[in-house]
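Asks: Fold the following, please.
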Amino acid sequence: MTNRLTLLARTSLTALCATSLASSALAGELNILTWEGYADPSVIAPFTAATGCEVSATYVGSNDDFAPKLAAGGGVFDIVTPSIDTTYSLIEAGFVDPIDISRVPAFNDIYEQFRTADGILKDGEVYGIPYAWGAVPFMYRKDKFDTPPTSINALWDPALKGRISLWDDKSALYVAARLNGDMNIYSLSDDELAAAEEKLIEQRPLVRKYWATAGELVDLYKSDEVWISNTWGGYQSGLLAADGIEVVEFIPDEGAEGWMDSNMIVAGTPNEECAYQFLNMAISAKGQEGVFKVNGYSSTNPVAAKEFMTDEEFSALHQDDPDYLNSLLLWENLGARLPVYTNAWNAVKSQ
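Replies: This is a model prediction of the structure:
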């Protein structure tokens, strides 16, 4: 997987205008609520130089962070980047505005299955511009395993007590459910959810720490505290490789979840023009290259990806393999079941 690299700040206005950025500087400021790596200076600095739009970023550690922060009000944020299991709930709550697709010319270059995803559509209108996608695989330190793990069950191995970590997120229930053989992870019955909760409570004494941010998990591996975990595919492994720590990502026998993040415009933003400039930049070759180089994630715009990826990189990230995406359990909105899942996860952590 690609290591974290520093991008050159190539700020030619001519090149940026080709990606639908403004030809003259705007006066504005964008506050975005997003994930680590999505507002890297290597991407933001050229964007600001070309548009005059200053960008400030606040990072989340879970999709559960978006709604509470937007509900706090005050017009703090202009753009949010939630995952596909969270987008629709923000639409229904009125936290985001529909997007005028005529102002985003490259929208039709995005993979059809992303731009037509139910999670970003309502009443014939589009509310999100797909930005990046990938899997939630598992990862282990290569020097700690004589036999490579192939199953989620490795995270329940008593021999690894104190060396295990899981993301501090309700998706831990998806992991346990799959281990129980329940593959309908987004529509678990009360009994199935209780079984997943019980499985996680059983695992609790083995867990060194539930990781909340990408950097926290990286630090746990670097300090030799954690040897195996789930991970944001491509990102943490790249950061660790840059520090000389060899880790291996794998899709377990029980399958893996998939995700897709979209940029959305917060309702009533006073910085609408800058917001649209940002949306266009994010799916241009420059923006897609940024998330690829910094996070190691796959691009939602394959046309743009071909401009900066080698054929080998394009293939390695499954950009030419729709069957791979279809094999993933793409996150879904839990709807009315969200509080039930959330309560179950909180019950696990309270042990």
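Asks: Roughly how far does residue 247 sit from residue 283?
Replies: 30 Å (CB to CB, to the nearest Å). Backbone N, C-alpha and C define where each C-beta goes, glycine included.
Asks: Compare these two and say which is more crowded by neighbours.
Replies: residue 283 (27 against 23; other CB atoms under 10 Å).
Asks: Contacts only, for the more buried one.
Replies: Residue 283 is in contact with 104, 106-107, 109-110, 129-131, 300-301, 304, counting by CB atoms under 8 Å, 6 or more residues apart in numbering.
Asks: Please list the members of the residues you listed that lie in strands.
Replies: 129-131 (DSSP state E).
Asks: before we move on, which element is residue 183 in?
Replies: Remark: residue 183 resides in no helix or strand, with elements defined by DSSP states H and E.
Asks: For it, the count of nearby residues, please.
Replies: For residue 183, using other CB under 10 Å, the count is 12.
Asks: what's the answer for residue 251, then?
Replies: 16.
Asks: In contact with it, which residues?
Replies: 135, 137-138.
Asks: Now do the same for residue 73: helix, strand or coil?
Replies: Three-state assignment for residue 73 (DSSP: H, G, I helix; E, B strand; the rest coil): coil.
Asks: Closest one to residue 348 out of the contacts of residue 283, please.
Replies: residue 131 (30.6 Å; CB to CB).
Asks: returning to what we had before: any chance of CSV for the contacts of residue 251, columns pLDDT, secondary structure and distance to residue 62?
Replies: Shown next, in CSV, are the contacts of residue 251 (pLDDT from 0 to 100; DSSP: H, G, I helix; E, B strand; the rest coil; distance: CB to CB, whole Å):
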residue, pLDDT, secondary structure, distance to residue 62
135, 93, strand, 18
137, 95, coil, 18
138, 97, strand, 18
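Asks: Output the ones in strands among the contacts of residue 283 as TSV; include the columns distance to residue 144.
Replies: Converted to TSV, the ones in strands among the contacts of residue 283 look like this (distance: CB to CB, whole Å):
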residue	distance to residue 144
129	40
130	36
131	34
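Asks: Who wins on neighbours among these?
Replies: Going by other CB under 10 Å, residue 129 tops the ones in strands among the contacts of residue 283 with 28 neighbours.
Asks: Report the separation between it and residue 278.
Replies: The separation that residue 129 has from residue 278, given CB to CB, amounts to 10 Å.
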